[in-house]
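A.B. asks: Mind looking at a prediction? Sequence and model below.
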Amino acid sequence: MVRGVRHLMVLVALVWSVTTPAHAQVPAQTPAAIDPFADPRVKEIESHLRCSCGCNLDIWTCQRQMYCEISPAMSARVRQRLAEGTLPEVVLAEFVAERGETVLMAPPKEGFNWAGYLLPFVAIAAAVIVVAGLIRRRSRMAPASEGSAVDVSAEQLARLEAELARLDEDR
């Protein structure tokens, strides 16, 4: 359902940009007109997008730590789209439409992706249940008490007493 909403948002944004007269649109600014440190939308969008240089960082962090050639270009595109008046959700949707869901730092919480979000919690809950069951079973086992009676034949008792007497003599 969320995927359908996302596609609908992109479609509405594209139709709006094509059908709205030029005089009604926000005047285009250069990407340099948006300061990435002053506009929180830039960091918000860039922290959700994965840099494709192989560093596995978001483009906000990558261009400030890794100095690759890819993240500054992606950042410039984000700032340009924001300067044109594009909504942040639409900018993210455009990157997803162009590069697939792998461009996102975290997969969207929909469909089979829920397994990735829920499986760790299910595994932890199962482990807690197993450990609790083992502890309960272990505590139910009756421990042998120190004064428990053991069936010993008279012959075994005599042999034990003789062995103890021999040990006393050796001392």
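C.D. replies: Yep, it's here. Numbers count the residues shown, from 1 in each chain.
A.B. asks: Quick one: mean pLDDT over the helix or strand in which Ala93 is found.
C.D. replies: Per DSSP states H and E, Ala93 falls inside helix 88-99. The average pLDDT for helix 88-99 rounds to 92.
A.B. asks: contacting residues for Cys51?
C.D. replies: By CB atoms under 8 Å, 6 or more residues apart in numbering, the contact list for Cys51 reads 57-59, 62-63, 66, 68, 70-71, 74. To be clear about C-beta, it is placed using only N, CA and C from the backbone, and glycine gets the same treatment.
A.B. asks: For the helix or strand containing Arg166, C-alpha coordinates in PDB please.
C.D. replies: Secondary structure assignment for Arg166, by DSSP H and E: helix 154-170. The C-alpha coordinates for helix 154-170 follow below in PDB (Å, rounded to 0.1, in the frame of the first residue of the first chain):
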ATOM      1  CA  ALA A 154      25.700 -56.000  54.000                       C
ATOM      2  CA  GLU A 155      28.600 -57.300  52.000                       C
ATOM      3  CA  GLN A 156      29.300 -53.900  50.500                       C
ATOM      4  CA  LEU A 157      29.000 -52.200  53.900                       C
ATOM      5  CA  ALA A 158      31.500 -54.700  55.400                       C
ATOM      6  CA  ARG A 159      33.900 -54.100  52.600                       C
ATOM      7  CA  LEU A 160      33.600 -50.300  53.000                       C
ATOM      8  CA  GLU A 161      34.300 -50.500  56.700                       C
ATOM      9  CA  ALA A 162      37.300 -52.800  56.200                       C
ATOM     10  CA  GLU A 163      38.700 -50.300  53.600                       C
ATOM     11  CA  LEU A 164      38.200 -47.400  56.000                       C
ATOM     12  CA  ALA A 165      39.900 -49.300  58.800                       C
ATOM     13  CA  ARG A 166      42.900 -50.100  56.500                       C
ATOM     14  CA  LEU A 167      43.200 -46.400  55.600                       C
ATOM     15  CA  ASP A 168      43.200 -45.500  59.300                       C
ATOM     16  CA  GLU A 169      46.000 -48.000  60.000                       C
ATOM     17  CA  ASP A 170      48.100 -46.600  57.200                       C
END
